[in-house]
Structure formats: structure tokens, C-alpha cells
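Student: build me a structure from this.
(one chain, ligands or ions: 1)
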Amino acid sequence: MPTPPLSAASLPSEDLPARLLVKVCGMREAASLNAVADLEPDFLGFIFSPASPRYVGDVLTPDLVHGLPDRVQRVGVFVNESTAQVQAIAFRFGLDFVQLHGQETPAQCAELRATGLRVIKAFGVGEAFDFDALGPYVPHCDYFLFDAQGPAPGGNGRVFDWRVLEKYPWPVPYLLAGGLRPEHAAVVRNLRLPGLAGIDLNSGLEIAPGVKDPARVAAFFDGMGRTKAA
Ligand SMILES: O=C(O)c1ccccc1NCC(=O)[C@H](O)[C@H](O)COP(=O)(O)O
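Tutor: Coordinates of the predicted model:
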């Protein structure tokens, strides 16, 4: 089992976000989708990259996504897809956000945003991550997502050393991703990092790729002291 890379107490003291946002990613089939939606995450993510074991394929139908409660933001995850194809899928499934996990450029982020979509640009973070390289993306993204590096563009189940984020210099808020499991919830709850807006949960809560275990999702939410919105 991956362990938290550090204790929250060792992190610098920054203002805590009022309530950490939570995204549960890699949803596909109706039963676990609806059970997880009942727990009231802020975002639900759907993988539209055919190479992923969590690819939605024909299992996720547009009516399932359209039928979600309004309070849940719907996020489509793409890897090096054309703007036209992302836009077509976003329209069909009623997506609010697109999350880009490949070599998408700042110009493509801007194009997608101009269509009314909100943009999350994901980056794999290693020890010597160059935050300066994010500068051109800053005006065109609503969130960044910082994930571990691995063989796949996402969903690797690996935790990276979050201390890298102590030096985060930009005004764009970000989601912390990578191998988070219920065992991490208590640390995440008190995490103090500049720019941290929320967390992203995926393979650490699964029964099988694309099938979340609602009990593990609930255990994470409980562990971080998350209650349903009033
Ligand atoms: O999850 C996938 O299979 C995936 C494949 C290709 C691009 C992105 C993908 N996931 C995007 C996410 O937002 C994941 O939640 C993130 O990578 C963290 O995953 P995990 O390490 O399994 O918690």
C-alpha cells in the first residue's frame, strides 16, 4: 500500500481552502456512478481516452451523465484529442469541464474555453518539476491537476512527493491527484499547500478499473471529515 509521502504537519502554514473540492474520476457504469453521486462529490470524471482501462466505451451513455444532480460538475478526460472531437463529446454528454492529460497546448486550452467549456490541464509531477513552464497555460485554465508520473497518462495509482507543491507560484487553483486511498484521508484533510483547491480520487477506490467501491469512497469522505453540502 502506498503511504502518504509526508505528514500534513510538516507542510508550511498557508490558508486552508474553506472546503477541499473532491473529484472522483474514472466512472463508467450506472450502479457505482449513482452510488458515488449520492455521496455528493463536487466533480465526477469520465475517461474518453480509448487506451485507458477506464475508457467509457459504450458503458457510459449520455443519459446517465445528463441524469446526474445539477450540483455535480461533469468532467470529461481526454488525451491528445482534437478540439472538434472534444467539443462534440462535451456537447453530447453535457460536460462542464474538460481535463487534458496529453501534450495539449495553451492554444488548445484557449480554443476549448472559447466554446464555453472549463479547462483542467493535468501535469505529471516529478522531483524537478518546472513550474515556470506552466506560465503560458495560466490565462487559459480554470484548474491545474498535479498527478504522479507513470507509464500511463493518468490512473497510475502512484503517490508523488507533495512537497514539490510548496513552491507553487501561480494564481490558478489546482487539484492534487495520484494514488490517493482512504488511508490518506486524514492527512489530506489538514493539507496546507499554496493554491490547493481540492483532490482527485480514482484507482485507490476501485473494485475493478472503472468500478468504484462506494464504501471506499464513503470511507475517504468520512476520513476527511466531509459532510454533505447543506
Ligand atoms: O484513470 C485513467 O485511466 C486515465 C487514463 C488516461 C488519462 C487520465 C486518466 N485519469 C485521470 C485522472 O484524473 C486520475 O484520477 C488521476 O490520474 C489519478 O489517478 P490515480 O493515480 O489512479 O488515483
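Student: which residues does the residue nearest to the spatial centre of the chain bridge with?
Tutor: Closest to where the C-alpha atoms of the chain average out (CA atoms, centre = their mean) is residue 200, at 3.9 Å. As for beta bridges, residue 200 partners with residue 23 under DSSP bridges.
Student: what about the helices in this protein?
Tutor: In the chain, the helices defined using DSSP state H lie at 30-37, 62-66, 83-93, 106-114, 185-189, 214-223.
Student: pull the CA atoms of the first one into PDB?
Tutor: What follows is helix 30-37, C-alpha atoms only, in PDB (Å, rounded to 0.1, in the frame of the first residue of the first chain):
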ATOM      1  CA  ALA A  30     -24.600   3.100 -13.700                       C
ATOM      2  CA  ALA A  31     -24.600   1.400 -10.300                       C
ATOM      3  CA  SER A  32     -21.400   2.800  -8.900                       C
ATOM      4  CA  LEU A  33     -21.900   6.100 -10.700                       C
ATOM      5  CA  ASN A  34     -25.200   6.700  -9.000                       C
ATOM      6  CA  ALA A  35     -24.000   5.400  -5.600                       C
ATOM      7  CA  VAL A  36     -21.000   7.700  -5.700                       C
ATOM      8  CA  ALA A  37     -23.100  10.600  -6.900                       C
END
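Student: quick one, longest strand in the chain?
Tutor: strand 118-125 (DSSP state E).
Student: so is that one next to the ligand?
Tutor: No: using CB under 6 Å from any ligand atom, strand 118-125 never reaches the ligand; the gap is at least 6.6 Å. Yep, even glycine has a C-beta here, placed from its N, CA and C like the rest.
Student: ok, residues contacting that strand?
Tutor: Identification of contacts with strand 118-125 by CB atoms under 8 Å, 6 or more residues apart in numbering yields 75, 96-101, 104, 109, 112-113, 129, 134, 137, 140-150, 153-154, 160, 164-165, 175, 177-178.
Student: thank you kindly, that will do.
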